[in-house]
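[1] model the following, please.
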Amino acid sequence: MHDVIKQSIDAHGGLERWGELRQISATFTAGGPAFEQRGQEAFTRMPTRVTIDTRTQRTVFEPFLMAGRRGIFEPHRTAVESSDGAPLEELNDPRNSFEGRPWSATQLAYFAGYAIWMYLTVPFSLLRHGIRCEEVRPWLEDGETWRSLKVSFPKSYVTHSTEQTLYFDAAGMIRRQDYSVEVSGGAKVAHYLYDHREFDGIVFPTRRRVFLRAPDLTPQKDLAVITADFRDINLISA
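    Reported below is the predicted structural model:
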């Protein structure tokens with residue numbers, strides 16, 4: 001285990017506590033023009049309850065886009081169901097379905113599902129098989145020095161892009177994450193994590209803001225293209 005990841009895992013609550021968990025649920029509110037640009041502004045209009053499995057990539061949204069509907073993300077399939085489980089829409093091999101705008105409901109479930117799964121599992125999920133990490137040049141921001149870790153994800157870990165850079169402060173908190181959004185034309189973004197809080201022994205950032213990123217890595221902070229806020233995080237033991 002890389003020492004940066006070890007420090008971060010310890011700072012976020014430790015492997016022992018994490019290993020006790022089976023699921024995490026939270027109230028999630030999305031925002032930002034990126035959803036409107038893809039025809040899914042309804043996703044930003046109401047909070048939803050998200051539930052993830054900690055041991056496999058699976059995310060459930062309820063409600064999803066409207067009352068009485070549920071969205072389900074799995075790596076090779078997404079679906080929309082009624083609240084009583086009746087199938088309404090299904091998409092197999094969703095990664096290869098993104099060819100423009102607007103997005104379908106099942107494409108939205110894929111994008112938001114894998115994103116939220118990572119939001120609620122890092123840094124612990126950085127220990128999954130096949131992930132490679134390399135420390136690169138530190139990053140200076142607002143008078144702080146953050147350690148930078150270049151992370152290469154295997155195809156089995158569904159995420160925004162294969163190559164990402166995570167930035168850790170002196171306490172081991174993840175403060176920023178740089179990546180390209182492959183399902184959205186490869187847009188390069190800087191994703192900031194704020195307001196870290198402890199819930200039942202595990203620390204989560206409760207406010208996230210995503211900005212477009214210039215070639216020199218500077219974020220364009222005049223507009224957050226995506227916002228993500230979490231509250232009422234509940235940990236469910238195995």
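[2] for Gly13, which non-adjacent residue is closest in space?
    The shortest distance from Gly13 to any non-neighbouring residue, by C-beta to C-beta, 6 or more residues apart in numbering, is to Ile202 (4.0 Å). All C-beta spots, glycine's among them, are computed from the backbone N, C-alpha and C.
[3] just give the number of residues close to that neighbour.
    With neighbours defined by other C-beta atoms under 10 Å, the count for Ile202 comes to 19.
[4] what's the pLDDT at it?
    Per-residue confidence at Ile202 stands at 98 (pLDDT).
[5] isn't it up against Ile236?
    No: between Ile202 and Ile236 there is no contact under C-beta atoms under 8 Å: 11.7 Å.
[6] quickly list what's touching both of those two.
    Common neighbours of Ile202 and Ile236, using C-beta atoms under 8 Å, 6 or more residues apart in numbering, are Leu21.
[7] OK, contacts around the residue nearest to Gly13?
    Remark: with contacts taken as C-beta under 8 Å, 6+ apart, Ile202 is in contact with His12, Gly13, Arg17, Trp18, Leu21, Leu235.
[8] now do Phe124
    The neighbourhood of Phe124, defined by C-beta under 8 Å, 6+ apart, consists of Ile9, His12, Leu15, Trp18, Thr54.
[9] can you count the residues close to the second one?
    The reference is to His12. Other residues lying near His12 total 23 when counted by other C-beta under 10 Å.
[10] how about it: what's its closest non-neighbour residue?
    Nearest-residue entry for His12: Val203, 4.5 Å, with adjacent residues in sequence omitted and distances by C-beta to C-beta, 6+ apart.
[11] residues touching that neighbour, list them.
    For Val203, the contacting residues are Ala11, His12, Gly13, Met173, His196, Arg197, by C-beta under 8 Å, 6+ apart.
[12] do I have it right that the fourth one meets Asp10?
    It stands for Met173. No: between Met173 and Asp10 there is no contact under C-beta under 8 Å: 11.3 Å.
[13] centre of the chain to the strand or helix carrying Arg49, how far?
    Secondary structure from DSSP states H and E places Arg49 in strand 48-53. Distance of strand 48-53 from its chain centroid, counting by C-alpha atoms, centre = their mean, to the nearest Å, is 12 Å.
[14] helix, strand, or coil at Val183?
    Using DSSP: H, G, I helix; E, B strand; the rest coil, the three-state assignment for Val183 comes out as helix.
[15] what about it, distance to Asp169?
    29 Å (C-beta to C-beta, to the nearest Å).
[16] Trp18 too?
    From Trp18 to Asp169 the distance is 20 Å (C-beta to C-beta).
[17] can you check Gly85 too?
    Counting by C-beta to C-beta, the gap between Gly85 and Asp169 amounts to 43 Å.
[18] fine by me, we can end here.
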